[in-house]
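Participant: 3D model of this:
(one chain, ligands or ions: 1)
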Amino acid sequence: MMRLWTILLLLFATAASAQPIRWQEEYPGVWKGTFGKPDNYTLLSAAGATPQAATLERLQSVDFPLPKMEVHAELIDGKTYLRFPLQKNEQIYGLGLNFQTVHQRGKILNLHVDHYGGKDNGRTHAPVPFYVSSRGYGVLVNSAQYLTYYVGTGVRKDAKVPAEVKDRNTDKSWNSRPYSDAVEVYVPTEGAEVYVFAGINPLDAIKRYNLFCGGGALPPKWGLGFTQRVQKLYTADEVIKEVAEFEEHGFPLDFIGLEPGWQSKAYPCSFEWDKGRFPNPEALVKKLANKGVRLNLWTNPYISPESPISKAIEPFTGSHTVWNGTVPDLNHADAKCILAGQLSRSQIDIGISGYKIDEVDGYDYYLWPDMAKFPSGISGIQMRQTYGVLAQKLTDSLYRQQNKRTFGLVRASNAGANNMPYVIYNDYYSHQDFITALVNSGFCGVLWTPEVRGSKTGEEWLRRFQTVVFSPMAMINAWSSGTKPWSFPEVAEKVKYYAQLRMELMPYLYSEFAKYHFEGTPPFRAMVLEEGFQGQTKASLNNQDLETNPYLEAVNKEVKDQYMCGEYLLVAPLFTGESTRKVLLPKGNWYDFYSGRYVGNGEEIVAKPEDDRIPVYVKDGGIIPMTTARLHAPAAGEKVNLIIRHYGEKEGMYNLYDDDGLSFDYEKGAYSWRRIVLKRNASGKLEGDISAPDKNKPNTIGTVKFEFMGQ
Ligand code: GAL
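Facilitator: Model prediction:
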């Protein structure tokens, strides 16, 4: 009898664990795996992510990147456990917007939308459940639940590559974290939906992930200009004065951000103008528009009892309040319609260019608890994981209806929001960690700004300013400090140089964002995604044996303070107190951005920049299309003269993107790529050429001049 029970039990256990994942290739190199009964409401459904099917279809077909039989799913007590194999020396990147680490192998992460609390533990503004492996594939668990990732930490008895037993008494290489050969994921539902993205390298897998989620965001050109957020209780007159001051000082400015004081009530919000501070918002918007400046509005989504929409929206709000404001169910059609009506009537229809959507991340103390209920039926947890995404989607859709692009800020995001024109920011303000977040943003399909607020010294001000210029949104957030770009006179000229450089770089930056949209290449990304960088570990330089200590790689090679800005620029920020730093260059010749001077090849160099500059380097054959310094982004259809820089010795090629810079017409084909080619002529001299504009396509390029740097 006993034996029979044992056999039955064993059979049952095998049946439970043997459930296969149903794999289906959706596009070349993109597989969907379904196990059990996954939730209907997922991250991708919340975001409404629509794959760029035509582009994905054209991609090279590749093999499934993992041994399929070793991708394992199991249902235990109604919860799903997933397991993905890891090889020795394989590194894992991504799993959300981390601020202190780039290497995730060896970590345990509880992915949970929250403010960043100073530790990379999974609680962050964009806890995207997507990771990419150094072996060139990516994995997304498409669930809006809190997920726990054991990234190469669990050691199983049946591990394919077992950890070695060591004696701590005698063996110095004993490690409290023995080798683990798998990523294990806990999904608290009766099934899971998983996507696997293959690639010829990690960047290729990321591109597939981004394209699958709709491609990256393409901001309007003005979104790449400079933006200043003014002090929270500014009046319309003070805003006008500030815009005039920017002009007088010769500082670029494309949009001004109004902080909470534009609203009659905030925290919770009324969503209407404060009549005292802003008696005639429409006139203000027009006046600024005449100066080439737009307005962006801060808000949080929590509705004040004094808001004109408070009563109408009440039935479509959650069970709990935030600062005594109701929480609109952004998954419910009626709530969306009422809120959208108010935003349109009072703000978008008069020409407000976008929003800064605050407080959609956390703290737990003031947000709704997990047991909160929402009329649309999704849980408090699912709402928490997707609220920022839903808010982005709602506001973006209002601009789409008007065929106008927006570019704004948000404090929470998640998988699937890759094509939302929003940049994440926070209050954490560690300059070093802000740069690590920029490095990590490229692994998970989000944009991040290392915003500048206040500074203790002119030096800090300059250092922070330099990095925000090489980021998705060049912004001073003076909501509290009231700082202006020229606030530190001792560095004001140097700050101005960088503000102008941002404007000069616009043709390059805009094209890099177009590549994010059309090809999925993140405009700001980690060094490990750069050709010739991977594998060049300090450990391998020192001839250390990674086989015996697989964590050596993680310990030694993590590069989190330098990054790529587009195809050709390597940015290596200096922080307060530093006038020199080490920079790791990928293989190939590299040149100084400012002088064109050769600096090194596949080696660690010591940067000692002149004039307090931020070290920036360009790859051999690098082409940087620039324009002349200007105060505002070009208006619709305005032609811009190009100064195309070439660096190094190699011939080169660059795809320059062109469209109207404002509307969504590019989605219907109203754009062109202009091919810039630098070639040696018969006498060996480099010569530049740019292809003619496509017929009947936008053409905003004026005169073209080539500059050969360092020659
Ligand atoms: C914070 C936000 C700041 C600023 C401030 C205004 O939550 O992160 O950037 O907008 O609110 O009250």
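Participant: So which residues on this protein come close to the ligand?
Facilitator: By the rule Cβ under 6 Å from any ligand atom, the part of the chain lying against the ligand is 232, 259-260, 298, 358-359, 427, 477, 479. C-beta: built from backbone N, CA, C; applies to glycine.
Participant: wait, which of these is closest to Glu490?
Facilitator: Asn477 (21.8 Å; Cβ to Cβ).
Participant: Just confirm that closest one contacts Gly454, I think it does.
Facilitator: No: at 9.4 Å, Asn477 does not count as touching Gly454 under the criterion of Cβ atoms under 8 Å.
Participant: the helices in the stretch 101-250 of the chain, which residues?
Facilitator: If DSSP state H, counting those that start in this stretch is used as the criterion, the helices of the stretch 101-250 of the chain fall at 202-212, 236-249.
Participant: if we can go back for a sec, neighbour count for Asn477 and Gly454, which is higher?
Facilitator: Asn477 (26 against 16; other Cβ atoms under 10 Å).
Participant: can you pull the contacts of that one?
Facilitator: Contacts for Asn477 (Cβ atoms under 8 Å, 6 or more residues apart in numbering) come out as 229, 257, 425, 451-453.
Participant: May I ask which of the residues you listed has the most neighbours?
Facilitator: Val452 leads these on contacts (other Cβ under 10 Å) with 29 neighbours.
Participant: For that one, list each beta-bridge partner.
Facilitator: In this entry, Val452 is beta-bridged to Ile476, by DSSP bridges.
Participant: how near is it to the ligand?
Facilitator: Counting by Cβ to the nearest ligand atom, to the nearest Å, the gap from Val452 to the ligand is 12 Å.
Participant: Just the pLDDT for that residue.
Facilitator: Looking at Val452, its pLDDT reads 98.
Participant: Quick check: Arg463 is in a helix.
Facilitator: Yes: checked against DSSP: H, G, I helix; E, B strand; the rest coil, Arg463 lies within a helix.
Participant: Let me see the contact set for it.
Facilitator: Counting by Cβ under 8 Å, 6+ apart, Arg463 has contacts 431, 573-576, 614.
Participant: hmm, 7 Å instead?
Facilitator: The neighbourhood of Arg463, defined by Cβ atoms under 7 Å, 6 or more residues apart in numbering, consists of 431, 574-576.
Participant: So what does Leu390 have for phi and psi?
Facilitator: Phi and psi for Leu390, reported as degrees, to the nearest 10, are phi -60, psi -40.
Participant: Which among the contacts of Arg463 count as buried?
Facilitator: Among those, those classed as buried by 16 or more other Cβ atoms under 10 Å are 431, 574-575.
Participant: Contact partners for whichever residue of the stretch 601-711 of the chain sits closest to the ligand?
Facilitator: Nearest to the ligand, among the residues of the stretch 601-711 of the chain, is Ala633, at 23.1 Å (Cβ to the nearest ligand atom). Going by Cβ under 7 Å, 6+ apart, Ala633 touches 221-222, 224-225, 254, 506.
Participant: if we go to 8 Å?
Facilitator: Residues counted as contacts of Ala633 (Cβ under 8 Å, 6+ apart) are 220-225, 254, 292, 503, 506, 661.
Participant: Among the residues of the chain next to the ligand, which one has the most neighbours?
Facilitator: Neighbour counts for those (other Cβ under 10 Å) peak at Asn477, which has 26 neighbours.
Participant: Redo the contacts of Asn477 as a markdown table? Include distance to Lys608.
Facilitator: As requested, the contacts of Asn477 are arranged in a markdown table below (distance: Cβ to Cβ, whole Å):
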| residue | distance to Lys608 |
| --- | --- |
| Arg229 | 34 |
| Gly257 | 36 |
| Tyr425 | 32 |
| Glu451 | 28 |
| Val452 | 24 |
| Arg453 | 29 |
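Participant: Looking at the residues of the chain next to the ligand, which are in helices?
Facilitator: Nothing among the residues of the chain next to the ligand maps onto helices, per DSSP state H.
Participant: Make TSV out of those and add pLDDT.
Facilitator: Below are the residues of the chain next to the ligand laid out as TSV (pLDDT from 0 to 100):
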residue	pLDDT
Lys232	98
Glu259	98
Pro260	98
Trp298	98
Asp358	98
Glu359	98
Asp427	97
Asn477	98
Trp479	98
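Participant: Take those residues and keep only those in strands.
Facilitator: Among the residues of the chain next to the ligand, DSSP state E puts 298, 477 in strands.
Participant: Out of the residues of the chain next to the ligand, flag the one nearest to Asn98.
Facilitator: Checking the residues of the chain next to the ligand against Asn98 by Cβ to Cβ gives Asp427 as the nearest, at 16.8 Å.
Participant: So for the closest one, what's the nearest residue that isn't a sequence neighbour?
Facilitator: In space, and not counting its chain neighbours, Asp427 is closest to His115: 7.2 Å by Cβ to Cβ, 6 or more residues apart in numbering.
Participant: Check Phe130 too.
Facilitator: That would be Leu140: by Cβ to Cβ, 6+ apart, it lies 4.3 Å from Phe130.
Participant: Distance of the one you found relative to Pro127?
Facilitator: 13 Å (Cβ to Cβ, to the nearest Å).
Participant: Ok, Gln385 next?
Facilitator: 8 Å.
Participant: coming back round to it: the residue nearest to Asp427 contacts Ala126, correct?
Facilitator: No: with contacts counted by Cβ under 8 Å, His115 stays clear of Ala126, the gap being 11.7 Å.
Participant: Give me the secondary structure label for the residue of the stretch 601-711 of the chain closest to the ligand.
Facilitator: Classification of Ala633 by three-state DSSP places it in coil.
Participant: Next, the distance between the ends of stretch 420-437.
Facilitator: 18 Å (Cα to Cα, to the nearest Å).
Participant: same thing with stretch 33-44?
Facilitator: Length of stretch 33-44, first residue to last, Cα to Cα: 14 Å.
Participant: domain ranges for this protein?
Facilitator: Annotated domains of the chain cover 17-212, 221-505, 623-709 [automatic domain parsing].
Participant: Tell me how far the longest one lies from the chain's centre.
Facilitator: Which is domain 221-505. Per Cα atoms, centre = their mean, to the nearest Å, the displacement of domain 221-505 from the mean C-alpha position of its chain is 16 Å.
Participant: And for the shortest one?
Facilitator: A distance of 26 Å separates the centroid of the chain from that of domain 623-709, by Cα atoms, centre = their mean.
Participant: Just give me the closest of the contacts of Asn477 to Gly122.
Facilitator: Nearest to Gly122 among those, with distances taken as Cβ to Cβ, is Tyr425, at 19.7 Å.
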